[in-house]
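Novice: Got a predicted model here, sequence first, then my questions.
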Amino acid sequence: MTETLGYIHSVLTGGTLDGPGVRYVIFMQMCPFRCLYCHNPDTWFKNPLGARTVESVYQDILKYNDFFNFTGGGVTLSGGEPLVQPKFALDLFKKLKDVNIHTCLDTCGYVELSDDVKGVLEYCDLVMLDIKHLDSDMHLKLTGKDNKRVLEFLDYLYSINKKTRVRQVLVPTFTTDEDYINELILFLDNYSGIIEKIELLPYHKMGVEKWEKLGIKYKLSVPGPDKSVVEKIKNAFINSGYDII
């Protein structure tokens, strides 16, 4: 039987920003979104040169198991969007759970809830879900897609009691004003039973050079948020009882 291939963009073997502990982070190829502020546009498309078998990736991961055990770390699938390749993600996570390695999924949530996707979530210890925007029209403007599937995905996470870390990029004029933050907090209160932490990610332009190299026009012309604005948003979440990263 032919083993499932995964199309991988790159691997980070000492990641500390993509879940608990020291992580082996796999950045998968392909994504359904075209976020205006994406800092990895080079992951959007499929490149057959990045094809790897589940077994080859698994064997490489095992080299770092001592670091996982010492730091409480593990493996994170990121992207791109890993759930564009759910069979690879499922097969890899199954093998990792057989040897008790912590599994984390960093996803935009814009997926159909197929049996393979549900299987990935079954073998996943932590989901990091990006909330791009609660308003569907603004979500469409930011990503090229509406947010219906994302919200349905969050509902499913809640229905299976899956530990979740919510990520919100703070983009001036889109997701930093007080009314939006208050709306977001009230919305997330409905899911507080599964939310482990809130990760606030101030918008930056570190990916612009990648856009230019790919010949893609970068259209988002806003500055990064002021530190005082970020601090105010953090305090709003903290005062509502959330742990903040």
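Specialist: Looks like it arrived, so ask away. Residues are numbered from 1 along each chain as shown.
Novice: residues in contact with residue 28?
Specialist: For residue 28, the contact set (C-beta atoms under 8 Å, 6 or more residues apart in numbering) comprises 6-9, 43, 77-82, 84-85, 88-89. No exception for glycine: its C-beta is placed from N, CA and C like everyone else's.
Novice: if you set the cut-off to 10 Å instead, what comes out?
Specialist: Residues in contact with residue 28 (C-beta atoms under 10 Å, 6 or more residues apart in numbering) are 6-10, 43, 50, 77-85, 88-89, 106.
Novice: mind listing which of those residues are in helices?
Specialist: Secondary-structure check on the contacts of residue 28 using DSSP state H: residues within helices are 88-89.
Novice: List only buried entries from the contacts of residue 28.
Specialist: 6-9, 43, 50, 77-85, 88-89, 106 (16 or more other C-beta atoms under 10 Å).
Novice: what's the distance between the strand ranked longest in the chain and the middle of its chain?
Specialist: Ranked by residue count and defined by DSSP state E, the top strand of the chain is strand 5-15. From the chain centre to the centre of strand 5-15 is a distance of 14 Å (C-alpha atoms, centre = their mean, to the nearest Å).
Novice: Could I get the average pLDDT for that strand?
Specialist: Regarding strand 5-15, the rounded mean pLDDT is 97.
Novice: Pull out the buried residues from stretch 95-112.
Specialist: Residues of stretch 95-112 classed as buried by neighbour count (16+ other C-beta under 10 Å): 95-96, 101-111.
Novice: distance between it and the chain's centre?
Specialist: Per C-alpha atoms, centre = their mean, the centroid offset for stretch 95-112 relative to its chain is 11 Å.
Novice: Any figure for the gap between residue 245 and residue 2?
Specialist: Distance from residue 245 to residue 2, counting by C-beta to C-beta, to the nearest Å: 40 Å.
Novice: Those two: which has the busier surroundings?
Specialist: The neighbour comparison of residue 245 against residue 2 (other C-beta atoms under 10 Å) goes to residue 245, with 12 against 5.
Novice: check contacts around that one.
Specialist: For residue 245, the contacting residues are 17, 165, 167, 196-201, 234, taking C-beta under 10 Å, 6+ apart as the criterion.
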